[in-house]
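*Asks:* Got a sequence here, can you model it:
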Amino acid sequence: MYLRKSIRKYKNTTYTNYLLVESIHTPKGPRQRTICSLGNLEPAPPEEWLALAHRLESALQGQSALEPSDPKLEALLQRARRGRRRKAARAGQGTVVRVDTDGIEFEEVRMAGPVHVGHQMWERLGLDGILSRAGLTEDACTLSEVMTLNWLIAPSSEHAMPDWVRRTAMGDILGADFSELNDTRLCRNLDVLHPNREQIERELAQSERTLFNLDETFYLYDLTSTYFEGQAKRNPQAKLGYSWDKRPDCKQVVVGLVVDRNGFPKAHEVFDGNVQDCRTVTQMLDVLEKRVGKKAGSTVIVDRGLAYEENLKQIRDRDYHYIVAGRQPERNEWLEELEKEEGWEEVIRIPSPLNPFQKKTRVEIKRQQKGDELYILCRSEGRQDKDRAIREKQEQKLVQDMERLRRRVEKGQLKKAEKINQAIGRLKERYPRVARYYEVDYDANGKCVTWRENADKKANAKKLDGSYVLKTDRKDLTAEEIWRNYILLTRVEDAFRDIKSPLMERPIFHHLKHRAQTHIFLCVLAYHLLAVIEQYFLDAGIHTSWGMLREELSTHQVVTVVLPTETGVVIRIRKGSTPEEGSRQIYETLQIPAEVMKPVMSWTPAA
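*Replies:* Take a look at the predicted model:
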């Protein structure tokens with residue numbers, strides 16, 4: 001390399017510029033190529049100019065490094081590198097070279113398809129703009145996208161996430177350098193996201209409503225739990241409670257989620273792990289109104305665990321309607337009507353768009369009026385088998401526990417009458433479905449526990465297998481419309497299933513309250529992307545899941561093609577592979593480009 005002096009006159013002013021120039025081999029012989037402009041190097045002495053050229057040449061060839069304490073030289077080096085890449089790429093356009101085919105290699109093969117789809121959905125929802133308006137820096141926006149895409153594609157802890165990022169084409173697609181990414185930066189990004197969750201979720205709901213013209217006249221609310229690994233002593237929300245995950249041995253938090261009738265999340269909240277379902281309604285309605293505004297006249301749909309009268313009053317007081325499943329005592333009140341064979345109408349069941357091949361059993365409904373509320377009595381063949389199995393399993397466990405308590409009392413392991421009666425009360429709380437048709441007593445004189453089966457109550461329970469009761473204050477809807485809207489609660493169950501299974505939200509390893517909450521928030525963000533992807537396919541009449549799409553897309557990759565030429569120059573082309581037919585169809589359905597990145601070409605001169 002050497003320096004070339006360039007003099008240019010403009011309006012009686014002379015401008016002096018020094019160019020960094022190198023010799024290269026081309027099919028037409030050696031040529032000189034300008035790498036970049038170094039500006040006016042005066043008043044430095046000429047001998048320093050030549051030394052500068054040699055140092056830049058050595059650094060560009062990787063033989064030495066500039067001192068990091070010299071920012072001026074470092075800036076010149078970066079300018080030279082950009083100029084070389086630009087000139088080399090320009091020189092390669094339309095140039096015919098002879099390649100040694102035996103030496104062709106492929107380097108840095110990285111999975112690109114799922115990352116490309118996730119990134120395109122991220123951009124379509126305008127999440128970078130949403131995060132920026134929430135006050136996040138450009139770096140924080142990039143890290144948030146990286147973490148969300150990780151949960152969407154291959155969920156892992158913050159400790160394992162940097163290595164996963166480097167094994168994918170994330171850097172190529174996002175145009176960022178993740179070589180120095182570490183778990184500390186990721187964990188600190190959780191701290192940045194945490195106070196901005198409300199604004200992000202609110203704007204994201206608006207973006208999806210505009211994108212798909214979503215109906216927000218129905219809100220579906222349900223709860224689930226997620227557990228921790230470890231004691232989580234520094235998280236006051238982590239407590240033992242009823243576990244939907246069948247992990248009563250682990251501390252947990254309870255997650256409430258509101259979705260619309262299309263399954264798009266509208267609001268979520270994290271509650272203490274031992275909170276009762278019925279104690280969450282007021283707070284969840286507050287959270288919902290902060291996210292989407294007050295939508296008077298909308299209908300809130302909840303399951304029987306939230307169908308207490310005080311909860312329904314809270315819903316009515318906010319000018320909402322409700323559709324709920326009646327609790328057990330309400331179902332017992334309609335036993336006579338449930339047993340009658342007249343007045344029933346069959347519901348024509350439509351296959352679920354998320355599971356079109358699921359077998360649909362017979363469902364019958366009957367409309368009844370009582371006071372200001374409308375009741376829909378329901379009988380389901382499929383639910384009959386399920387209710388019977390659950391009841392028999394619960395009854396078996398209850399009898400086993402009562403037998404265990406009887407032996408403890410007989411052996412003298414439990415002596416105080418107060419403690420024994422408390423144990424009986426706990427059994428009734430643990431098995432409320434079947435305990436009501438057993439009478440359990442403690443004989444203090446005989447020091448024994450006995451129980452008797454109430455045959456009439458048990459017979460009634462058998463008759464009620466497969467039946468349930470819905471109630472609502474919406475008298476303008478038909479019985480079938482009420483039933484179909486209630487069945488939409490499966491959308492919340494599907495959301496929880498997606499968050500816990502393909503998105504791997506559980507278990508939680510963060511033991512700080514705000515980081516555990518942000519971990520759940522990132523899983524919800526990933527579910528937003530999943531819901532958008534699947535909605536595009538539903539709109540196209542294609543029934544599939546993100547899991548299947550992700551597997552198909554994994555064949556689309558980014559690779560560096562290494563082409564050694566006969567002159568000794570090595571050409572490296574970084575580009576995406578040609579997508580296979582399955583991936584191409586996915587891109588067409590999602591209306592995104594099949595090209596995951598612009599090709600990048602570099603030329604390495606012969607030694």
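
*Asks:* Nearest residue to the middle of this protein?
*Replies:* residue 526 (2.4 Å; C-alpha atoms, centre = their mean).

*Asks:* Can you name the residues that contact that one?
*Replies:* For residue 526, the contacting residues are 148-149, 151-152, 499, 503, taking C-beta atoms under 8 Å, 6 or more residues apart in numbering as the criterion. Using the backbone N, CA and C atoms, a C-beta is placed for each residue, glycine as well.

*Asks:* Equivalent analysis for residue 294, please.
*Replies:* With C-beta under 8 Å, 6+ apart, residue 294 has these contacts: 318-319.

*Asks:* Within the helices and strands, which one has it?
*Replies:* In this assignment (DSSP states H and E), residue 294 forms part of neither any helix nor any strand.

*Asks:* Disregarding residues adjacent in the polypeptide, which is nearest to residue 535?
*Replies:* In space, residue 535 comes closest to residue 212 once its chain neighbours are excluded; the distance is 6.1 Å by C-beta to C-beta, 6 or more residues apart in numbering.

*Asks:* hang on, I meant residue 529
*Replies:* residue 121 (4.7 Å).

*Asks:* Check residue 125 too.
*Replies:* Closest residue to residue 125 apart from its sequence neighbours, by C-beta to C-beta, 6+ apart: residue 207 at 5.0 Å.

*Asks:* I'd guessed the one you found sits against residue 131; true?
*Replies:* No. Here residue 207 lies out of contact with residue 131, judged by C-beta atoms under 8 Å, at a distance of 12.0 Å.

*Asks:* Which one's more surrounded, these two?
*Replies:* Each of residue 207 and residue 131 had its neighbours counted (other C-beta atoms under 10 Å), and the higher figure belongs to residue 131 (24 against 18).

*Asks:* For residue 553, which residues are in contact?
*Replies:* Contact analysis of residue 553 by C-beta under 8 Å, 6+ apart lists 113-114, 116-117, 583, 586.

*Asks:* got the domain boundaries for the chain?
*Replies:* Per the record, the chain has its domains at 2-92, 101-109+556-604, 196-347+471-539, 348-470, by automatic domain parsing.

*Asks:* Out of the ones you listed, which gets nearest to residue 137?
*Replies:* The closest of those to residue 137 is domain 196-347+471-539. By C-beta to C-beta, the value is 11.9 Å.

*Asks:* mean confidence score for the longest helix that the chain contains?
*Replies:* As far as residue count goes, and with DSSP state H defining each element, the longest helix of the chain is helix 381-410. Mean pLDDT, computed over helix 381-410, is 85.

*Asks:* Quick one: distance of it to the chain centre.
*Replies:* From the chain centre to the centre of helix 381-410 is a distance of 37 Å (C-alpha atoms, centre = their mean, to the nearest Å).

*Asks:* Show me what it is packed against.
*Replies:* On a contact count with 3 or more C-beta pairs under 8 Å, 6 or more residues apart in numbering; DSSP states H and E, helix 381-410 meets helix 417-430, helix 432-435, strand 438-443, strand 448-453, strand 467-472.

*Asks:* Where does the prediction get shaky in the stretch 201-350 of the chain?
*Replies:* Along the stretch 201-350 of the chain, the parts satisfying pLDDT under 70 run over 349-350.

*Asks:* Could I get the full set of strands for it?
*Replies:* Remark: strands assigned in the stretch 201-350 of the chain by DSSP state E, counting those that start in this stretch are 218-227, 252-259, 265-272, 299-302, 321-325, 345-346.

*Asks:* what are the pairing partners of the helix or strand following the shortest one, and which direction each?
*Replies:* For strand 345-346, the succeeding helix or strand toward the C-terminus, using DSSP H and E, is strand 363-370. Sheet pairing of strand 363-370 (DSSP bridges) gives strand 345-346 (antiparallel), strand 373-380 (antiparallel).

*Asks:* and strand 363-370 with strand 467-472, angle?
*Replies:* Direction vectors for strand 363-370 and strand 467-472, defined by axes from the mean of the first three to the mean of the last three C-alpha atoms, to 10 degrees, enclose an angle of 50 degrees.

*Asks:* Please export the C-alpha coordinates of strand 363-370 as CSV.
*Replies:* Taking only C-alpha atoms (Å, rounded to 0.1, in the frame of the first residue of the first chain), the coordinates of strand 363-370 have been written out as CSV:
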residue,chain,number,x,y,z
VAL,A,363,-73.5,-31.0,22.6
GLU,A,364,-77.1,-30.1,23.6
ILE,A,365,-78.2,-26.8,25.1
LYS,A,366,-81.4,-25.5,26.7
ARG,A,367,-82.3,-21.9,27.5
GLN,A,368,-83.8,-20.9,30.9
GLN,A,369,-84.7,-17.6,32.5
LYS,A,370,-84.3,-16.8,36.2
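
*Asks:* Same question for it: list its buried residues.
*Replies:* Residues of strand 363-370 classed as buried by neighbour count (16 or more other C-beta atoms under 10 Å): 363-366.

*Asks:* repeat for stretch 509-516
*Replies:* Buried positions in stretch 509-516, judged by neighbour count with 16+ other C-beta under 10 Å: 510-513, 515-516.

*Asks:* So residue 529 sits against residue 151, correct?
*Replies:* No. Using C-beta under 8 Å as the test, residue 529 is too far from residue 151 to be in contact (9.1 Å).

*Asks:* list the contacts for the closest residue to residue 597 other than its chain neighbours?
*Replies:* Of all residues beyond its chain neighbours, the one nearest residue 597 is residue 172 (4.9 Å), with distances taken as C-beta to C-beta, 6+ apart. Under the criterion of C-beta under 8 Å, 6+ apart, the contact partners of residue 172 comprise 110, 112, 558, 574, 596-597.

*Asks:* what do you get for residue 373?
*Replies:* Applying C-beta under 8 Å, 6+ apart to residue 373 gives the contacts 471-473.

*Asks:* Please dump those residues into a markdown table; it should also carry pLDDT, neighbour count and distance to residue 225 for every row.
*Replies:* Formatted as a markdown table, the entries for these read as follows, by pLDDT from 0 to 100; neighbours: other C-beta atoms under 10 Å; distance: C-beta to C-beta, whole Å:
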| residue | pLDDT | neighbour count | distance to residue 225 |
| --- | --- | --- | --- |
| 471 | 91 | 21 | 27 |
| 472 | 93 | 21 | 28 |
| 473 | 91 | 16 | 30 |
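
*Asks:* Considering the residues you listed, which is situated nearest to residue 293?
*Replies:* Using C-beta to C-beta, the shortest approach to residue 293 within these belongs to residue 473, at 21.9 Å.

*Asks:* wait, that closest one sits on residue 322?
*Replies:* Yes. Residue 473 is within contact range of residue 322, at 6.3 Å (criterion: C-beta under 8 Å).

*Asks:* Give me the common contacts of those two.
*Replies:* Once C-beta under 8 Å, 6+ apart is applied, the residues that residue 473 and residue 322 both contact turn out to be residue 316.

*Asks:* how far away is the closest residue to residue 385 other than its chain neighbours from residue 594?
*Replies:* Counting by C-beta to C-beta, 6+ apart, the nearest residue to residue 385 once its immediate chain neighbours are dropped is residue 466, at 7.5 Å. Taking C-beta to C-beta, to the nearest Å as the measure, residue 466 and residue 594 are separated by 50 Å.

*Asks:* So for these two, which residue has more residues nearby?
*Replies:* For the pair residue 466 and residue 594, the greater number of neighbours falls to residue 466 (21 against 15), based on other C-beta under 10 Å.

*Asks:* Got phi/psi on that one?
*Replies:* For residue 466, the backbone dihedrals (degrees, to the nearest 10) come out as phi 90, psi 0.

*Asks:* mind checking how far it is from residue 111?
*Replies:* Relative to residue 111, residue 466 is positioned 47 Å away (C-beta to C-beta).

*Asks:* What of residue 143?
*Replies:* Here residue 143 is placed at a distance of 20 Å from residue 111 (C-beta to C-beta).

*Asks:* Kindly report the same for residue 302.
*Replies:* In this view, residue 302 and residue 111 are 41 Å apart by C-beta to C-beta.

*Asks:* quick one, which of those two is more surrounded?
*Replies:* The residue with the greater number of neighbours, taking residue 302 and residue 111 and applying other C-beta under 10 Å, is residue 302; the counts read 26 against 20.
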